[in-house]
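In: return atomic coordinates for the entry below.
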Amino acid sequence: MYRFFVEPHQINTNDNTVIITGGDVNHIKNVLRMKIGEEIAVSNGLDGREYRCGIEALEEDRVLCRLYFIKEDGVELPSRVYLFQGLPKGDKMELVIQKAVELGVYQVIPVAAKRCVVKLDDKKAKGKIARWQGIAEAAAKQSKRAVIPQVSDVMTFAQAVELAKNMDLKLIPYELAEGMEHTRELMGKLMPGQDIAVFIGPEGGFEEAEVKLAKEKGIEAITLGRRILRTETAGLTVLSWIVYALEA
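Out: Residues are numbered from 1 along each chain as shown. A predicted model of the protein is given here:
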């Protein structure tokens, strides 16, 4: 079943109508060649609900749908996971965002750590974030997410640590961290309803001073095993562990 995202005001539960506008209109009519009566799923990207509806009219600039029912038990993780990703080289960030969204991340925060090779000025950062947000939306549609994870503005490591300070569990993979037993212990503390922060360094990892600051702010250093993982692999590894621990 195809899924589309709309603004909250486009879903009217009083008269059971859903109106789809924008680029999805062309996609529904001319790419998917959908017909009146076909059933689709719609989400507003915010409340985690899935609105099941049928196509009632294919108009020039909008698709009118009839709301059938609302599915409350969605596909979202029972905790909010925030991925603080050190800016990687090339187009690796696109892969990280795509796969992180598939794994259920709630928000991706690009972090300009000291060892980041990539340096973005305000103009470049604005364009990158717009592209990354588009990738997040496409991944959310593909994986049938009920929300569109936000890709935030780029921030410094100190700003990222400050943002995460009140979260319930904060993890930072570090090659000099204690053994896997400590990592398993921390993963065992994962519970539904928590806000979870995952910090991933760029190529070359975080500087010792950054790890020291993280530990001082209550961020727990964990190991990902005996092998050194690429930055685009490390975050997905941790997210996979979180999914395994949280989902029934």
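In: surely residue 64 is in a helix?
Out: No - secondary structure assignment places residue 64 outside any helix; it is strand (DSSP: H, G, I helix; E, B strand; the rest coil).
In: domain ranges for this structure?
Out: Domain assignment for the chain by automatic domain parsing gives 3-71, 80-246.
In: most packed of the ones you listed?
Out: Comparing these by mean neighbour count (mean count of other Cβ atoms under 10 Å), domain 80-246 ranks first with a mean of 18. C-beta coordinates here come from the backbone N, C-alpha and C atoms, glycine included.
In: so what's the gap between that one and the chain middle?
Out: 10 Å (Cα atoms, centre = their mean, to the nearest Å).
In: quick one: mean pLDDT over it.
Out: Average pLDDT, domain 80-246: 92.
In: contacts for the lengthiest helix in the chain, please.
Out: Counting by DSSP state H, the longest helix found in the chain is helix 122-142. Residues outside helix 122-142 that contact it (Cβ atoms under 8 Å, 6 or more residues apart in numbering) are 3-5, 45, 93-94, 97-99, 101-102, 108, 110, 120, 145, 147-154.
In: just the ones of those in helices?
Out: Using DSSP H, these in helices are 93-94, 97-99, 101-102.
In: quick one, helices of the chain?
Out: 23-26, 92-102, 122-142, 157-164, 180-187, 208-216, 231-246.
In: now tabulate the ones you listed in JSON lines and tack on distance to residue 71.
Out: Formatted as JSON lines, the helices of the chain follow (distance: least, Cβ to Cβ, whole Å):
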{"stretch": "helix 23-26", "distance to residue 71": "20"}
{"stretch": "helix 92-102", "distance to residue 71": "20"}
{"stretch": "helix 122-142", "distance to residue 71": "16"}
{"stretch": "helix 157-164", "distance to residue 71": "32"}
{"stretch": "helix 180-187", "distance to residue 71": "30"}
{"stretch": "helix 208-216", "distance to residue 71": "39"}
{"stretch": "helix 231-246", "distance to residue 71": "20"}
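In: thought residue 35 was touching residue 55?
Out: Yes - between residue 35 and residue 55 there is a contact under Cβ atoms under 8 Å: 7.1 Å.
In: which residues touch residue 167?
Out: Per Cβ under 8 Å, 6+ apart, neighbours of residue 167: 82, 194-197.
In: now render these as TSV, adding distance to residue 183.
Out: Putting the contacts of residue 167 into TSV (distance: Cβ to Cβ, whole Å) gives the following:
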residue	distance to residue 183
82	19
194	17
195	19
196	14
197	15
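In: which of these sit farthest apart?
Out: 82 and 194 (10.9 Å; Cβ to Cβ).
In: with respect to residue 14, which of the helices of the chain lies nearest?
Out: Of those, nearest to residue 14 by Cβ to Cβ is helix 23-26, at 22.8 Å.
In: rounded mean pLDDT for that closest one, please.
Out: On average, helix 23-26 scores 94.
In: so how far is it from its chain's centroid?
Out: That offset, for helix 23-26, works out to 24 Å (Cα atoms, centre = their mean).
In: next: stretch 68-84.
Out: 11 Å.
In: got the CA coordinates for that stretch in CSV?
Out: Backbone C-alpha positions of stretch 68-84 (Å, rounded to 0.1, in the frame of the first residue of the first chain) are rendered in CSV as follows:
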residue,chain,number,x,y,z
TYR,A,68,-12.0,5.0,6.3
PHE,A,69,-10.3,4.6,9.7
ILE,A,70,-7.4,5.6,11.8
LYS,A,71,-4.8,3.1,12.8
GLU,A,72,-3.4,4.0,16.2
ASP,A,73,-0.8,1.3,16.7
GLY,A,74,1.8,2.5,14.2
VAL,A,75,5.3,1.4,13.2
GLU,A,76,7.3,3.9,15.3
LEU,A,77,9.8,2.9,18.0
PRO,A,78,8.5,3.2,21.6
SER,A,79,11.4,5.6,22.3
ARG,A,80,12.7,8.7,20.6
VAL,A,81,16.2,8.1,19.2
TYR,A,82,18.4,11.1,18.3
LEU,A,83,21.4,10.5,16.0
PHE,A,84,24.2,13.0,16.5
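In: I am finished for the moment; much appreciated.
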